[in-house]
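Trainee: Can you look at this prediction? I've put the sequence above it.
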Amino acid sequence: MTTMTTTELWCDRCGESATATAHPACASARQLEPPRFCPRCRRRMKVQVLPVGWSAVCVEHGEIRG
Amino acid sequence: MPEILDQARTQVLGDGVGLDQAGILAVLNLPDEHLPAALQLAHDVRMRWCGPEVEVEGIVSLKTGGCPEDCHFCSQSGLFTSPVRSVWLDIPSLVEAAKQTAATGATEFCIVAAVRGPDDRLMKQMREGVAAIKAAVDIQVAASLGMLSKEQVDDLVDMGVHRYNHNLETCKSYFPNVVTTHSWEERWETLRMVRDSGMEVCCGGILGLGETVEQRAEFAAQLAELNPHEVPLNFLNPRPGTPLGDRPVVEGKDALRAIAAFRLAMPRTILRYAGGREITLGDLGTRAGLLGGINAVIVGNYLTTLGRPATADLELLDELKMPVKALSATL
């Protein structure tokens, strides 16, 4: 497993710039959702939700788990 | 006391006969001040005809995303701009998910795939996956794989799948507003075959898709006609990129009215809290529903979204003195 170092350039929920504006609605929604976009490169990740936890894989930046 | 609740006390609580569509609509239209009485009556009905036990279930997505159907609420349709990508779960991970579910005390583990219906690859994955789970975990296996052929129904019975979920989602009159790639009748046909096979039928739907209160009553009456073993009750969690992504969530009191009404329509069914309760009802509403007709929960995460921690639900059940249904009671 590759551990992602989060230099968060992109919102991991909506895929828009994380530096241009705040994303309070996304941050709130993320409490009940896994990430969908890689925060480093904006690629859509392959996400598997499990009964306990989730995993998300970016083809470039590897896997994160929650 | 409104007349409909007096009628329900005699007919549903006393005789175990569910309300008809007009009666269900009357409950759905009760003013707020009568909601506590409706929930108490629904709870009494559940306790009399189902008992205090709560059936606990976990679910997992075996095949996520890339679905060819256009169910307007679903982030897994390949036809929308949802960010959900296609993923397959391998069998060791599937077995691990079943173990995690069993560790919560759950007796049910439902394997779900986002498909119109299963192809040979998915049926092979199911056969291997169910066998691996049964060899490693003491839990009942259910499945939800879309529309089935008769041969596939028989295959699932052979695998030992004891319950099949296929939601009608909404009432017959509103269904074409929600799904255009297949019909309500096609779903009904799968449910009929499942029933005839001896598998338990699990069939519910989603409230808040834009249906009217009258259509919500129509839906409950149609489910009552089907008489499923279990009815999972979801509340729309609007998903980004789907046609229903901007719809408002169901008001908490309307959700609770629906729980009471569905229980009074189906006094003996397993009425399960499923997706969306966290955003529609929150913690207080979850408690109110469990004291208002609900007698089953999905614990942990859902298919593409996250739920409350299983421990939060289990602690609540303990506090409410509602025992978790034991596996021996389901066999």
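Mentor: Nice, thanks for sending it over.
Trainee: how about the helices in chain A?
Mentor: A:24-29 (DSSP state H).
Trainee: residue farthest from the centroid of it?
Mentor: Distance from the C-alpha centroid of chain A, by CA atoms, centre = their mean, peaks at residue A:51 (18.6 Å).
Trainee: Wait, that residue touches residue B:301, no?
Mentor: Yes: with contacts counted by CB atoms under 8 Å, residue A:51 reaches residue B:301, the gap being 5.7 Å. Placement of C-beta: from N, CA and C, glycine included.
Trainee: The one helix or strand residue B:63 maps to pairs with which strands, parallel or anti?
Mentor: Assigned by DSSP states H and E, residue B:63 belongs to strand B:55-64. In the sheet, strand B:55-64 lines up against strand B:87-88 (antiparallel), strand B:108-113 (parallel), strand B:296-298 (parallel) (DSSP bridges).
Trainee: now these in a markdown table, with mean neighbour count?
Mentor: Putting the strands paired with strand B:55-64 into a markdown table (neighbours: other CB atoms under 10 Å in any protein chain shown) gives the following:
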| stretch | mean neighbour count |
| --- | --- |
| strand B:87-88 | 20 |
| strand B:108-113 | 24 |
| strand B:296-298 | 26 |
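Trainee: Now that we have those, can you turn them into a markdown table and tack on mean pLDDT?
Mentor: Output for the strands paired with strand B:55-64, formatted as a markdown table (pLDDT from 0 to 100):
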| stretch | mean pLDDT |
| --- | --- |
| strand B:87-88 | 97 |
| strand B:108-113 | 98 |
| strand B:296-298 | 96 |
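Trainee: and these as JSON lines, adding distance to residue A:16?
Mentor: Below are those laid out as JSON lines (distance: least, CB to CB, whole Å):
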{"stretch": "strand B:87-88", "distance to residue A:16": "23"}
{"stretch": "strand B:108-113", "distance to residue A:16": "30"}
{"stretch": "strand B:296-298", "distance to residue A:16": "31"}
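Trainee: Do you know the pLDDT at the residue of the stretch 101-250 of chain B found nearest chain A?
Mentor: Per CB to the nearest CB, the residue of the stretch 101-250 of chain B with the smallest distance to chain A is residue B:101, at 4.9 Å. Residue B:101 carries a pLDDT value of 96.
Trainee: Contact partners for the residue nearest to it when sequence neighbours are not counted?
Mentor: Excluding the flanking residues, the one nearest residue B:101 by CB to CB, 6 or more residues apart in numbering or on different chains is residue B:58, at 3.1 Å. For residue B:58, the contact set (CB atoms under 8 Å, 6 or more residues apart in numbering or on different chains) comprises A:51, B:97-98, B:100-101, B:104, B:106, B:108-110, B:298-300, B:310.
Trainee: got it, and residue B:66?
Mentor: Listed by CB under 8 Å, 6+ apart, the contact partners of residue B:66 are B:76, B:78, B:85, B:86, B:114.
Trainee: So which bits of chain A are right by chain B?
Mentor: Taking CB under 8 Å from any CB of the partner chain, the part of chain A that reaches chain B is made up of A:13-15, A:31-34, A:36-37, A:44-54.
Trainee: Now, of the residues you listed, which are buried?
Mentor: Buried by 16 or more other CB atoms under 10 Å in any protein chain shown: A:13-15, A:32-34, A:36-37, A:44-52, A:54, out of these.
Trainee: From those residues, which land in strands?
Mentor: With DSSP state E as the criterion, strands contain A:46, A:47, A:48, A:49, A:54 from among these.
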